[in-house]
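1. give me coordinates for this.
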Amino acid sequence: MSLSRCVCAAAVPVCRSIARRLCAVKEPTRVTCSINSTATLKTQVRMYIVEERGSPYTPDYRVFFKDEGGPISPMHDIPLWADKAQRLVNMVVEVPRWTNAKMEISLGEALNPIKQDVKKGNLRFVNNVFPHRGYIWNYGALPQTWENPNHVDPDTGARGDNDPVDVIEIGERVASRGDVYPVKILGTLALIDEGETDWKLIAIDSRDPNAEKLNDVQDVEALFPGLLRATVEWFRLYKVPDGKPVNKFAFDGEAKNAEFAYKVVDEVHEFWKSLISGNVPDATDINKMNVSVSGSVDRAERSEAAAVLAKAPTLGQPAAIPQTVDKWHFLANL
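-> As a prediction, this is how the structure comes out:
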């Protein structure tokens with residue numbers, strides 16, 4: 001059995017009818033549909049199905065993405081811009097707020113499904129560093145972006161981390177894994193993680209009741225006092241219980257403004273364009289299979305993409321989450 005869930009990256013009245021067509025899965029499956037809506041967003045409807053395979057919290061667990069034509073890559077086939085005129089970008093949610101399982105887009109696999117990260121043979125769960133519980137925002141990535149490890153950023157003095165650019169979404173709704181929705185970028189932090197630049201874009205769901213009041217990083221502090229400070233603390237300390245040193249930031253942990261952040265978005269989008277066009281010959285660790293990118297040498301037929309999904313194991317029961325995941329770690333003088 002597979003689990004499919006429909007998510008919408010934009011909203012107009014026809015959204016519901018498209019969702020019904022997308023969710024009319026013929027194979028035996030359990031289907032739930034969630035239709036995202038944005039009252040002010042007027043753009044082409046883009047709908048995606050999320051299909052889970054394997055058993056959650058095991059190494060074979062995967063979350064695949066499909067559009068009306070079949071399986072797609074969330075990294076390469078979902079457009080970066082939801083509405084460029086309104087400066088709204090699409091976010092792919094990897095980790096919902098308050099959860100601990102470290103899920104991420106799998107760069108090395110065909111169609112780049114979401115999977116749980118593994119380190120030293122163990123599935124990764126982030127630590128709860130008091131007073132934080134799991135991830136304190138919806139966490140994910142922007143599609144069609146790539147932090148080029150061959151590029152030394154002049155502002156941070158460090159190379160890119162070889163991943164899609166990360167997003168922390170601070171809206172009030174707790175998202176679901178695999179959700180795709182438009183967000184407004186408000187600013188960015190620059191984490192220096194093991195010597196690499198790891199941008200953390202700060203964003204708000206464009207449908208959030210507070211979205212119209214939030215346009216820049218200073219608005220975050222005004223409307224959500226303490227959140228930026230808590231965010232810096234979270235990233236500084238979350239690896240310490242594993243014996244790792246405190247993480248460091250460029251700019252002394254200061255969040256840069258929206259204008260700066262959008263320049264980062266533009267830059268990492270250009271890096272992705274070079275990647276997908278085959279102009280980065282040493283990027284052999286990234287699977288560039290896609291079904292929609294014009295001019296890409298790795299563009300595949302829909303039937304090839306369907307074959308990748310068909311080979312994935314069927315959905316199984318979730319494994320038990322280790323009891324240690326609920327532990328609170330108390331750190332002092334850091």
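
2. in terms of pLDDT, where does the residue nearest to residue 326 when sequence neighbours are not counted sit?
-> Among residues not flanking residue 326 along the chain, residue 128 sits closest, at 7.3 Å (C-beta to C-beta, 6 or more residues apart in numbering). In this view, the C-beta of every residue, glycine as well, is placed from N, C-alpha and C. As summarised for this prediction, residue 128 has a pLDDT of 98.

3. would you check how far apart residue 128 and residue 328 are?
-> 5 Å (C-beta to C-beta, to the nearest Å).

4. what about the residue nearest to residue 326, neighbour count?
-> Per other C-beta atoms under 10 Å, the neighbour tally for residue 128 reads 17.

5. how far away is it from residue 169?
-> Distance from residue 128 to residue 169, by C-beta to C-beta: 20 Å.

6. elements contacting the helix or strand where residue 188 lies?
-> In the assignment (DSSP states H and E), residue 188 maps to strand 180-193. Here strand 180-193 touches strand 2-8, strand 81-83, strand 88-95, strand 196-205, helix 217-223, helix 227-237, strand 248-249, helix 258-276, going by 3 or more C-beta pairs under 8 Å, 6 or more residues apart in numbering; DSSP states H and E.

7. tell me the buried residues in the third one?
-> If you call a residue buried by 16 or more other C-beta atoms under 10 Å, then strand 88-95 has these buried ones: 88-95.

8. where does the protein dip in pLDDT?
-> Along the chain, segments meeting pLDDT under 70 span 1-45, 333-334.

9. which residues does the residue nearest the centre of it contact?
-> Nearest to the mean C-alpha position of the chain, by C-alpha atoms, centre = their mean, lies residue 140 at 2.2 Å. Residues near residue 140 by C-beta atoms under 8 Å, 6 or more residues apart in numbering: 91-95, 166-167, 169, 175.

10. equivalent analysis for residue 74, please.
-> Counting by C-beta under 8 Å, 6+ apart, residue 74 has contacts 65, 92, 105, 112-114, 143, 180.

11. most widely separated two among the contacts of residue 140?
-> Using C-beta to C-beta, the two most remote members of these are 166 and 175, lying 14.6 Å apart.

12. those two: who's more crowded?
-> Applying other C-beta under 10 Å to residue 166 and residue 175 shows that residue 175 carries more neighbours, namely 24 against 21.

13. quick check: which element contains that one?
-> Residue 175 belongs to no helix or strand, assigned by DSSP H and E.

14. give the buried residues for stretch 262-280.
-> Here stretch 262-280 shows 262, 264-265, 267-269, 271-273, 275-276, 280 as buried, counting by 16+ other C-beta under 10 Å.

15. could I get these as TSV with distance to residue 297?
-> Converted to TSV, those look like this (distance: C-beta to C-beta, whole Å):
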residue	distance to residue 297
262	30
264	27
265	25
267	23
268	21
269	19
271	17
272	15
273	13
275	11
276	9
280	12
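
16. and which of those residues is nearest to residue 293?
-> residue 276 (5.4 Å).

17. go ahead and confirm the closest one touches residue 298.
-> Yes. Taking C-beta atoms under 8 Å as the definition, residue 276 is a contact partner of residue 298 at 7.3 Å.

18. shared neighbours, these two?
-> Joint contacts of residue 276 and residue 298 (C-beta under 8 Å, 6+ apart) are 288, 290.

19. picking up where we left off before, check contacts around the residue nearest to residue 326.
-> 100, 134, 325-329.

20. buried members of these into PyMOL, please.
-> PyMOL command restricting the contacts of residue 128 to the buried ones, with burial defined by 16+ other C-beta under 10 Å:
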select buried, resi 100+134
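
21. now do the strands in the stretch 51-200 of the chain.
-> 62-67, 70-72, 81-83, 88-95, 103-105, 114-116, 118-119, 122-123, 128-129, 138-141, 159-160, 166-169, 180-193, 196-205 (DSSP state E, counting those that start in this stretch).

22. and of those strands, who's closest to residue 243?
-> Short answer: strand 118-119, nearest of the strands of the stretch 51-200 of the chain by C-beta to C-beta, at 12.1 Å.

23. nearest residue to residue 215 in space, ignoring adjacent ones along the chain?
-> Closest to residue 215 by C-beta to C-beta, 6+ apart is residue 258, at 6.7 Å.

24. how near is that neighbour to residue 220?
-> 10 Å.

25. joint contacts of the two?
-> With C-beta under 8 Å, 6+ apart, residue 258 and residue 220 have common neighbours 186-187.

26. about what we covered before: go through the contacts of residue 140 and name the one nearest residue 191.
-> residue 166 (8.5 Å).

27. how much space between the closest residue to the closest one other than its chain neighbours and residue 255?
-> The shortest distance from residue 166 to any residue other than its chain neighbours is 5.3 Å, reached at residue 200 (C-beta to C-beta, 6+ apart). Residue 200 is 9 Å from residue 255, where distance means C-beta to C-beta.

28. sounds good, over and out.
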